[in-house]
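# got a structure for you, letters missing:
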């Protein structure tokens, strides 16, 4: 009987191993992952933007997240988030006071994300997600510019105010790009009219400017795909042939892709990539060596169209302009336990340094639902950072 039981258990173990995905390679670290900024009861760390200044300092701003307090009360006191500074490539950080950004508009910079970008004219642009009350967590995005290496910023300007209603728009972190001909491109998601809640179904599009951010136009939306969720949280990269690649999260179990041949004005019908993911965050960048890299959560959703699990955080690389992608390389799998996850590892920001890739992301308690967290659960995790060696060719 013991022999039969042993053989049965062995066979089941072998079958389970065969059915499971193979172990993925792990990223090589210059500095391993570590929580450097913990959540507090009035602020959750999420959606950071990072940027290296000319003097080598790295600055970071992260929105206020989803604290268990009244957003309207918070907005009156903290319309803009604090700035953090690192003089050692992200190993350690110090608070540098609130962003010196004049804010005379409704709402506040909140949980979507922040982007920094060096423009061709030398200015630094800061793009942010804006939270409006009773508006499904969204609002038209806001942009500002600095001519003094981030010491001060121009007054906050709403993008698209004359083009669209200021309702449920979403812009995530590390999203702003400037095309080779100078066009600024802001990929956005917009809740379709019948959506009842944030994340129900979004259409992707772009705002674009050809005069350095003074005036803006709106692209045509990407055709909505079949299936749940639509195309939330778009990100874009210019390809070597002049086209623009868009990647988004989705409810299909894969990241979606679309292309534009006219600088982001019109877009092809979306289709699945080979990148397996629930409806969770992603960040698309071009490596210094010219390859594309995307950071995302590689996992099959718990159920069709679902948002979880959001672990492990991985990256994949493309050497052929997004036609094919490498298998995933694991950056962080904290909380991963036999196909279930106890952590959300989300919204990475990437800063390319001489010694490697500085990656900053958010770690949260997770149970696979949107159930309100207890205070103890809410305080688990925070902002994590690591410096990764560049992917080998």
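Right, received. Where do you want to start? Only a predicted model underlies this, so the values are computations on that prediction, with no experimental measurement involved.
# Poorly predicted segments of the stretch 51-200 of the chain, please.
Within the stretch 51-200 of the chain, the set of residues satisfying pLDDT under 70 comprises 67-71, 196.
# 90 instead?
Applying pLDDT under 90 to the stretch 51-200 of the chain flags residues 64-79, 106-107, 110-112, 131-138, 192-200.
# Tell me where it has strands.
In the stretch 51-200 of the chain, strands defined by DSSP state E, counting those that start in this stretch lie at 58-61, 82-86, 94-98, 108-118, 124-131, 142-146, 157-158, 169-170, 177-178, 184-191, listed in chain order.
# Give the other helices and strands that the next helix or strand after the last one contacts.
The reference is to strand 184-191. Note on strand 184-191: by DSSP states H and E, the next helix or strand toward the C-terminus is strand 201-209. Other elements packing on strand 201-209 under the criterion 3 or more C-beta pairs under 8 Å, 6 or more residues apart in numbering; DSSP states H and E are strand 184-191, strand 217-218, strand 229-230. Just so you know, the C-beta spots here come from the backbone N, C-alpha and C atoms, and that holds for glycine as well.
# about what we covered before: let's have the strands of the stretch 51-200 of the chain in CSV, adding distance to residue 75 and mean neighbour count.
Formatted as CSV, those follow (distance: least, C-beta to C-beta, whole Å; neighbours: other C-beta atoms under 10 Å):
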stretch, distance to residue 75, mean neighbour count
strand 58-61, 16, 25
strand 82-86, 15, 19
strand 94-98, 13, 12
strand 108-118, 4, 24
strand 124-131, 8, 25
strand 142-146, 13, 20
strand 157-158, 15, 16
strand 169-170, 17, 26
strand 177-178, 29, 20
strand 184-191, 21, 26
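# ok so, going back, kindly reformat the helices and strands packed on strand 201-209 as TSV containing distance to residue 245.
Shown next, in TSV, are the helices and strands packed on strand 201-209 (distance: least, C-beta to C-beta, whole Å):
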stretch	distance to residue 245
strand 184-191	11
strand 217-218	20
strand 229-230	18
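# closest one to residue 338 among these?
Of all those, the one in closest proximity to residue 338, counting by C-beta to C-beta, is strand 229-230 (26.2 Å).
# Quick one: list the elements packing against the following helix or strand past that closest one.
Next in sequence after strand 229-230, counting helices and strands by DSSP H and E, comes strand 235-238. Counting by 3+ C-beta pairs under 8 Å, 6+ apart, the packing neighbours recorded for strand 235-238 are strand 177-178, strand 184-191, strand 244-248, strand 282-286.
# Can you say which of those strands is nearest to residue 221?
Closest to residue 221 of the helices and strands packed on strand 235-238, according to C-beta to C-beta: strand 184-191, at 7.3 Å.
# so what strands line up beside that closest one?
Strand 184-191 has the following sheet partners, assigned by DSSP bridges: strand 169-170 (antiparallel), strand 177-178 (antiparallel), strand 201-209 (antiparallel).
# So which of those strands is nearest residue 55?
Comparing those against residue 55 with C-beta to C-beta, the closest turns out to be strand 177-178 (22.1 Å).
# what's that closest one in contact with?
With contact meaning C-beta atoms under 8 Å, 6 or more residues apart in numbering, strand 177-178 is reached by 117, 119-120, 184-185, 236-238.
# Ok, stretch 98-107 next?
By C-beta under 8 Å, 6+ apart, the list of residues contacting stretch 98-107 from outside reads 61, 75, 78-83, 109, 126, 130-133, 139, 142, 144, 151-156, 158.
# and with 6 Å instead?
Identification of contacts with stretch 98-107 by C-beta atoms under 6 Å, 6 or more residues apart in numbering yields 79-80, 82-83, 130-132, 139, 144, 152-153, 155-156.
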